[in-house]
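Chemist: got a predicted model here, sequence first, then my questions.
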Amino acid sequence: MTAGPDVRLVTTETIPGEQIRLGALVTACAVTGANVLRDVREAITNTVGGNMTRYERVLDDTLQRALDTLQEKARAAGYDGVVGVRVSHPVITDGAIEVVVTGTGYWAEQGR
C-alpha cells in the first residue's frame, strides 16, 4: 500500500460523534486466477470433507488486496476515509476469486 495518512474504511453510513462531508463513490476490485494444483487439492478436500484452507487463504488475500486498493484510491482522491463499505463477490469466470468493494468517500469536518 502507498505510504500516507490512514484512510478509514467503515461499513456504517455515518460515524457516531464525527461530522463528515460526503464525496463520491469509490470502488476497487481484485481477481485471483485459478491454480490447477490448488484446485485439484481443494476438490479432493471437498469430496472427503474438511476445511478448504488453501481457498480460504486465497480469498483472504484477494479481499485484503481489494481493501488496500480502495484505501489507495480514496487517499489519491483526497478523502479521509470511506463510509458504507460493501463487499461483493461477482462471478466473472469459473476458477477465479473475484472481490469488489465499494463505498462513499468522505472528508472529516473536524479540524478542517
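Modeler: That came in fine, so what should we check first? Computed from a predicted structure; not experimentally measured.
Chemist: list the buried residues for stretch 78-87?
Modeler: 79-85 (16 or more other Cβ atoms under 10 Å). Glycine gets a C-beta too; all of them are placed from N, C-alpha and C.
Chemist: no wait, stretch 7-23
Modeler: 7-10, 20, 23.
Chemist: pull up the pairing partners for the strand or helix carrying Val101, direction included.
Modeler: Val101 belongs to strand 97-108 when assigned by DSSP states H and E. Looking at strand 97-108 with DSSP bridges, its partner strands are strand 20-32 (antiparallel), strand 81-88 (antiparallel).
Chemist: got these as a markdown table, with distance to Asp60 and mean pLDDT columns?
Modeler: Output for the strands paired with strand 97-108, formatted as a markdown table (distance: least, Cβ to Cβ, whole Å; pLDDT from 0 to 100):
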| stretch | distance to Asp60 | mean pLDDT |
| --- | --- | --- |
| strand 20-32 | 11 | 97 |
| strand 81-88 | 12 | 98 |
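Chemist: can you say which of these is nearest to Ala96?
Modeler: Ala96 lies closest, by Cβ to Cβ, to one member of the strands paired with strand 97-108: strand 20-32, at 5.6 Å.
Chemist: from the chain's centre, how far out does the closest one sit?
Modeler: Offset of strand 20-32 from its chain centre (Cα atoms, centre = their mean, to the nearest Å): 9 Å.
Chemist: hang on, His89 packs against Val99?
Modeler: Yes. Look at His89 against Val99 with Cβ atoms under 8 Å: they come within range, at 5.6 Å.
Chemist: okay, these two: which has more neighbours?
Modeler: Val99 (22 against 13; other Cβ atoms under 10 Å).
Chemist: re the thing from before, could you export the strand holding Val101 as CSV, CA atoms only?
Modeler: Below are the C-alpha coordinates for strand 97-108, written out as CSV (Å, rounded to 0.1, in the frame of the first residue of the first chain):
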residue,chain,number,x,y,z
ILE,A,97,-11.9,-15.5,-7.0
GLU,A,98,-13.3,-12.0,-7.5
VAL,A,99,-13.9,-9.4,-4.8
VAL,A,100,-15.5,-6.0,-5.4
VAL,A,101,-15.5,-3.3,-2.6
THR,A,102,-17.4,0.0,-2.8
GLY,A,103,-18.2,2.9,-0.6
THR,A,104,-18.6,6.6,-0.4
GLY,A,105,-15.5,8.8,0.2
TYR,A,106,-15.7,11.3,2.9
TRP,A,107,-13.8,14.2,4.4
ALA,A,108,-13.7,14.7,8.2
